[in-house]
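In: fold the following and give me the result.
(chains A and B)
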Number of protein chains: 2
Amino acid sequence: MKFEEIGEFKFIEKIKRHILTYRKNNILKGIDDDCSVFKVPGAKKLNVITTDALIENVHFIRDKISPEDLGYKSLAVNLSDISAMGATPLDVYICLCIPKDIDVDFFDRFYQGIRILLNKYNLNLLGGDTSSSKSDLFITITVFGEVDEQNVIYRNGAKPGDDIFVTGNLGDSAGGLEILLNDCSISTKDKNYLINCHNHPKLYITESEFLTKNLHPNAMIDISDGLSSDLLHITSQSKVGAIIFEEKLPISDSLKKLSTKSGTDPLSYVFNGGEDYKLLFTTPKKYSEQTIKYYWQKFKLPLFKIGVITKNKKVISVSQTGDVKKILRKGWDHFKM
Amino acid sequence: MKFEEIGEFKFIEKIKRHILTYRKNNILKGIDDDCSVFKVPGAKKLNVITTDALIENVHFIRDKISPEDLGYKSLAVNLSDISAMGATPLDVYICLCIPKDIDVDFFDRFYQGIRILLNKYNLNLLGGDTSSSKSDLFITITVFGEVDEQNVIYRNGAKPGDDIFVTGNLGDSAGGLEILLNDCSISTKDKNYLINCHNHPKLYITESEFLTKNLHPNAMIDISDGLSSDLLHITSQSKVGAIIFEEKLPISDSLKKLSTKSGTDPLSYVFNGGEDYKLLFTTPKKYSEQTIKYYWQKFKLPLFKIGVITKNKKVISVSQTGDVKKILRKGWDHFKM
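Out: Numbers count the residues shown, from 1 in each chain, chains lettered A, B, ... in the order given. Below you'll find the predicted structure:
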């Protein structure tokens, strides 16, 4: 069977049986979360590692993103995984496989994008690997970080009754991608906003550190594959269900305008789009109001309460008119209750 | 200027100015060695990280290597970098970018090759990333390891008067590659030996741990780019010179037979071939004899003393007849003394 027939998620299930952990003692989390989490003997904190690839013509098209934004985004997607554990990024390793015809100046600009984040979060860039490629540009980044043992947040800690939050608008990145690929007759301002959401996502590293230290959520993930897919990671690993209130989902005016023009339901971007890099987390209902309040006081940014965790294992969305849909991985179908 | 015009080494020099280390306190080595070396606060040992990519049609041709050997080799080249620091590998992360037409069974076999090394060295496989690729197969592996602070070995510690050692035959991997690409009329036994050296290199992890704990070499590197290139890493970073005695270089009979048939000087394979993954290290002359003896007693393997470190910065090779050549990166030219 070919990789394209089986798809990424089934492929991962298939190769999971090869996963081995010989020295289990120091390993708190291997596969099945945004980062691995482990304890170095004697260390005061836990450490985390994540690695992610960005591939030309799969994750980006070279003439649709500036080299600066490509550098920024390549590192950002990895830092987002670190923030989803409540952790602090420390050291960065960059592996580049470079087509021979690419201009060296491209990488001066690429590293300028990288440096924006190195500077902002005081990160060490400690090396990597550089090679030629016969075809596309491949970028693999590895990030090493740390987190206090009492603050680490996994995907599997959601409890029935928890409120579900996201840290910002959903679907904008998918909207930006659609404009890059197909264009669409909306205003330049709306286009630029959506494209910027796709090429230069905001990170929530400081915000995540604050949340975990002060208001310890029960479960957290970053939305890289779309709300449906990432919510299902939390619910399946926490062995719970969820109800999402569609009217509570934060959707930008720009995305609404794009949806009207393209005739696509904005919720399709929200649930299936991916690459938003907002944090999705759950926290006990009794802490919800103070979570919103303290977060606003600190960052002047809103948190969006979009649903609740339930005891039964159904993962559903409810529309303003009371229609109920089952949320499926990378899609959601009408579901008769 | 294009990447192919500037080449990998000049490219690395060019992007080095983007390297940043904000938190220098805990970093013992960033770029410029086989691994980064850093201290996790409170930890009893130092930790190391390395990351390396294997790229289809650059580092391997898919129908010239079995999936098992490709898995083995992809991890082996990373573990070799860990051994070159005197360190012990612990955790492995595998990033795969997979062409859509590739068969899923390929990866069952690929992971069987990976598991040989996971089993042998008790390594944890803790995750990575999986994506599709529009073109070639890309494999990036990251390895995390540890080393006692008193045992870590850098490239920059070689001292004038040190003897220079390698842990096995050189040039065999390049010979194997030549057979894979061009074939050559030597015996099947010789062919198989050389191809196996290329596709399934022996590692020296346990041997490196023994050497560093018992006989602490001054400088060490693994030979991935060829003796000339890797020796020059040691001499330039240690600010010393070196004399290599060509007659002392360990060359297999199979490579000699290939050289005769192909009309290529065997030293060309040795100096410029690369991918041998033998350890190249220097140790004070007074310890040289016991190093050879203890190593033999422990592993029943020979060590090859191939030269000496000198105070002047010339890096040369001397033939049996007294001809002197300057060793250049990826090549060596005749040099008039």
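
In: when you work out contacts or count neighbours from here on, use the C-alpha atoms and nothing else.
Out: OK.

In: partner residues bridging A:L54?
Out: Beta-bridge pairing for A:L54 (DSSP bridges): A:I139.

In: is it true that it touches A:F138?
Out: Yes - using CA atoms under 8 Å, A:L54 is in contact with A:F138, at 6.1 Å.

In: compare those two (neighbour count), which wins?
Out: A:F138 (26 against 22; other CA atoms under 10 Å in any protein chain shown).

In: in contact with that one, which residues?
Out: The neighbourhood of A:F138, defined by CA atoms under 8 Å, 6 or more residues apart in numbering or on different chains, consists of A:53-56, A:95-98, B:138.

In: can you read off the pLDDT for the closest residue to A:I195 other than its chain neighbours?
Out: Distances taken as CA to CA, 6 or more residues apart in numbering or on different chains put A:G176 closest to A:I195, at 4.0 Å, once the chain neighbours are dropped. In this model, A:G176 is scored at 95, pLDDT.

In: what's the answer for the one 10 residues further on, then?
Out: Per-residue confidence at A:I186 stands at 94 (pLDDT).

In: distance of it relative to A:K261?
Out: Per CA to CA, to the nearest Å, A:I186 is found 7 Å from A:K261.

In: and these two? Which one has more around it.
Out: Neighbours were counted for A:I186 and for A:K261 using other CA under 10 Å; A:I186 has more, 17 against 12.

In: wait, what's in contact with the more buried one?
Out: Contact partners of A:I186, counting by CA under 8 Å, 6+ apart, are A:257-258, A:261.

In: for the stretch 51-200 of chain A, which segments count as strands?
Out: Ranges of strands in the stretch 51-200 of chain A, per DSSP state E, counting those that start in this stretch, are A:88-99, A:124-133, A:138-147, A:163-166.

In: need the least confident one among those strands, by mean pLDDT.
Out: Among the strands of the stretch 51-200 of chain A, strand A:124-133 scores lowest, with a mean of 89.

In: quickly run through the sheet partners of it, with directions.
Out: Strand A:124-133 has the following strand partners under DSSP bridges: strand A:88-99 (parallel).

In: buried ones in the strand it pairs with?
Out: Buried positions in strand A:88-99, judged by neighbour count with 16 or more other CA atoms under 10 Å in any protein chain shown: A:88-99.

In: which parts of the stretch 101-250 of chain A sit against chain B?
Out: By CA under 8 Å from any CA of the partner chain, the residues of the stretch 101-250 of chain A that approach chain B are A:101-105, A:107-108, A:111-112, A:115, A:118, A:122-136, A:138, A:140, A:142.

In: doesn't A:P217 lie inside a strand?
Out: No - A:P217: not assigned to a strand; according to DSSP: H, G, I helix; E, B strand; the rest coil it is coil.

In: my read: it touches A:R155, true?
Out: No - using CA under 8 Å, A:P217 is not in contact with A:R155; the gap is 10.4 Å.

In: right, and the strands of the stretch 51-200 of chain A - which one's nearest B:R62?
Out: B:R62 sits nearest to strand A:124-133 of all the strands of the stretch 51-200 of chain A, at 14.6 Å, using CA to CA.

In: so what's the closest residue to A:E68 other than its chain neighbours scoring on pLDDT?
Out: Distances taken as CA to CA, 6+ apart place A:G113 nearest to A:E68, at 4.1 Å, with adjacent residues excluded. In this model, A:G113 is scored at 96, pLDDT.

In: so who does A:G113 touch?
Out: A:67-73.

In: on that earlier part again, what's the closest of the buried residues of strand A:88-99 to A:F9?
Out: A:C95 (24.1 Å).

In: correct me if wrong: the closest one contacts B:D52.
Out: Yes - counting by CA under 8 Å, A:C95 sits close enough to B:D52 to count as a contact (7.1 Å).

In: what is in contact with the two at once?
Out: When contacts are counted by CA under 8 Å, 6+ apart, A:C95 and B:D52 have A:128-129, B:140 as shared neighbours.

In: against A:V308, how distant is the residue nearest to A:I164 when sequence neighbours are not counted?
Out: Nearest non-adjacent residue to A:I164, counting by CA to CA, 6+ apart: A:T282, 4.5 Å away. Per CA to CA, A:T282 is found 8 Å from A:V308.

In: name only those of the residues of the stretch 101-250 of chain A next to chain B that count as buried.
Out: Using 16+ other CA under 10 Å as the burial test, these include A:103-104, A:107-108, A:111-112, A:115, A:118, A:122-136, A:138, A:140, A:142 as buried.

In: mind listing the strands the helix or strand harbouring A:K305 pairs with, and their directions?
Out: A:K305 belongs to strand A:304-310 when assigned by DSSP states H and E. Sheet neighbours of strand A:304-310, with direction, are listed as strand A:163-166 (antiparallel), strand A:241-245 (antiparallel) (DSSP bridges).

In: tell me the buried residues in it?
Out: Of the residues in strand A:304-310, A:304-310 count as buried by neighbour count, 16+ other CA under 10 Å.

In: okay if I get these as JSON lines plus pLDDT?
Out: Output for the buried residues of strand A:304-310, formatted as JSON lines (pLDDT from 0 to 100):
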{"residue": "A:F304", "pLDDT": "98"}
{"residue": "A:K305", "pLDDT": "98"}
{"residue": "A:I306", "pLDDT": "98"}
{"residue": "A:G307", "pLDDT": "98"}
{"residue": "A:V308", "pLDDT": "98"}
{"residue": "A:I309", "pLDDT": "98"}
{"residue": "A:T310", "pLDDT": "98"}
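
In: I'd like the residues you listed laid out as TSV, including distance to A:R62.
Out: Below are the buried residues of strand A:304-310 laid out as TSV (distance: CA to CA, whole Å):
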residue	distance to A:R62
A:F304	34
A:K305	36
A:I306	35
A:G307	38
A:V308	40
A:I309	40
A:T310	43
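
In: so which of those residues is the closest to chain B?
Out: Among the buried residues of strand A:304-310, A:I309 lies closest to chain B (CA to the nearest CA), at 27.6 Å.

In: all helices for chain A, in order.
Out: For chain A, applying DSSP state H gives helices covering A:3-15, A:67-83, A:104-121, A:172-182, A:188-199, A:205-215, A:227-238, A:253-262, A:266-272, A:285-299.

In: what packs against the fourth one?
Out: Counting contacts by 3 or more CA pairs under 8 Å, 6 or more residues apart in numbering or on different chains; DSSP states H and E, helix A:172-182 is packed against helix A:188-199, helix A:253-262, helix A:266-272.

In: any idea which of those helices is most buried?
Out: Ranked by average neighbour count under the criterion mean count of other CA atoms under 10 Å in any protein chain shown, the helices and strands packed on helix A:172-182 are headed by helix A:266-272 at a mean of 22.

In: alpha carbons only: can I get that helix in PDB?
Out: Coordinates of each C-alpha in helix A:266-272 appear next as PDB, following Å, rounded to 0.1, in the frame of the first residue of the first chain:
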ATOM      1  CA  PRO A 266     -16.200  29.800   7.600                       C
ATOM      2  CA  LEU A 267     -16.500  26.900  10.000                       C
ATOM      3  CA  SER A 268     -14.800  24.700   7.300                       C
ATOM      4  CA  TYR A 269     -11.700  26.900   7.600                       C
ATOM      5  CA  VAL A 270     -11.900  26.800  11.400                       C
ATOM      6  CA  PHE A 271     -12.300  23.100  11.800                       C
ATOM      7  CA  ASN A 272     -10.300  21.700   9.000                       C
END
